[in-house]
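Novice: generate a structure from the sequence data that follows.
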Amino acid sequence: MPQIDFYLLDQQVKDGRLRASCRLCKKIHTLGHTAFVQTPDLEQAKTLDDMLWTFDQSSFVPHGLYDPGRNKTAFPIVIGQQPPSNSGYNVLISLLDTVPEHYEEYPRVVEFVDCTPQDRAQARERYRLYRDRDCILETHEINIF
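Specialist: Sure, this is the predicted structure:
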């Protein structure tokens, strides 16, 4: 079973989960790993795509939107609504409010949790589900800035 990391954001800011995703994507790329970032819709995927171009002026994170017709390993960081099965990515970054389908195909799954009571309650439900499926669970508090 995969390791599931819950990153609890320390404050509520606009696009906090997306900002944290950008930072993690940069680290994943720097370490030579690959990731699929699963978003709930195309609008959020495009927003994250734009943010990855601009969030850090001193670095470049090679990434792209998922295109089923393209080689699935065309970019080390791929963003989309539904990951390809047997994708081979090292990390699944879930921006969903539910447990992603096929999460068990990834060695590591990352969940970012905003600090609102509703987001924390939804995260607790996902945590219980992962725990009941014998996943390795870690929780981290992070500063969004």
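
Novice: can you tell me which residues contact T116?
Specialist: Contacts for T116 (C-beta atoms under 8 Å, 6 or more residues apart in numbering) come out as Q12. All C-beta spots, glycine's among them, are computed from the backbone N, C-alpha and C.

Novice: report pLDDT for it.
Specialist: Listed pLDDT for T116 reads 91.

Novice: with Q57 instead?
Specialist: 82.

Novice: in stretch 26-33, what's buried?
Specialist: 26, 28-29, 33 (16 or more other C-beta atoms under 10 Å).

Novice: measure F36 to H63 for me?
Specialist: 11 Å (C-beta to C-beta, to the nearest Å).

Novice: more crowded one of those two?
Specialist: F36 (24 against 20; other C-beta atoms under 10 Å).

Novice: beta partners for that one?
Specialist: V78, L92 (DSSP bridges).

Novice: in contact with the residue nearest to K46 when sequence neighbours are not counted, which residues are there?
Specialist: For K46, ignoring the flanking residues on the chain, the nearest one in space by C-beta to C-beta, 6 or more residues apart in numbering is L65 at 7.2 Å. Listed by C-beta under 8 Å, 6+ apart, the contact set of L65 reads 45-46, 49, 78-80.
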